[in-house]
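Take this sequence and fold it.
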Amino acid sequence: MKLNTHYHLKGRALKTALAVFLAELFAVILGRSSSFYSSIAAVICMMKNHEMTQKKGIERLIGTVVGGLLGWAFLELFIRLPYYKELFYPFMAPFGVLLVIYVLNVMNRQTSCMIGCVVFLSIAVNFNRSLSEIPVYVIDRIFDTTLGIAMASIVSALPLWNPKPEKKEEQV
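Next up is the predicted model:
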């Protein structure tokens, strides 16, 4: 492997770091219990320009909402069953993933499928709280993701960080 010793940090890297800083700062200011999800959203959504960042943010938000709501629905339906973990994880979790993919495809949001499935699994399979905490947990995940998306979008809109278009030489 050849190392690129001439690399230096540029626009997108600096924008990403600033978006993470703002996501972390706002998480503290808002008294969020965790800034993990907002910082991850800021990193994932930051693209090379503002339009692409907004598009990625919308994809992520839609996937997060659909995956979160379906994960919540699955928990509400199945968590009370005996042997929930033993039955749900191998049999119902894949069905839930298919449902997330189906819903997002029906919505014509194919690019949101991956994050929708991740959020579904993080809620339906990785949930170790009481039943009464399900709605709060889902809303927190959606809020934290939205915070990170907003920070990435705001930072990407700053003219200081957008590359200047190359000037074309005028023909005589």
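
Buried residues of the biggest helix by length in the chain, list them for me.
Counting residues, the longest helix found in the chain (DSSP state H) is helix 50-78. For helix 50-78, the neighbour count (16 or more other CB atoms under 10 Å) marks 50, 53-54, 56-75, 78 as buried. All C-beta atoms are positioned from the backbone trio N, CA, C, and that covers glycine.

so where's this protein uncertain?
Low-confidence segments of the chain (pLDDT under 70): 127, 129, 160-172.

show me where it has helices.
Using DSSP H, helices in the chain cover 11-29, 36-45, 50-78, 84-87, 93-106, 113-124, 134-157.

export those helices to TSV and tack on distance to residue 2?
Putting these into TSV (distance: least, CB to CB, whole Å) gives the following:
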stretch	distance to residue 2
helix 11-29	20
helix 36-45	26
helix 50-78	29
helix 84-87	47
helix 93-106	39
helix 113-124	31
helix 134-157	31
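
between the ones you listed, which gets nearest to residue 5?
helix 11-29 (16.4 Å; CB to CB).

in the closest one, what's buried?
Result for helix 11-29 [16+ other CB under 10 Å]: buried residues 12, 15, 16, 18, 19, 20, 22, 23, 24, 26, 27.

what does stretch 80-95 give?
Within stretch 80-95, the residues that qualify as buried are 88, 92, 93, counting by 16+ other CB under 10 Å.

ok, so of those, who is nearest residue 46?
Closest to residue 46 out of the buried residues of stretch 80-95 is residue 93 (30.3 Å), distances taken as CB to CB.
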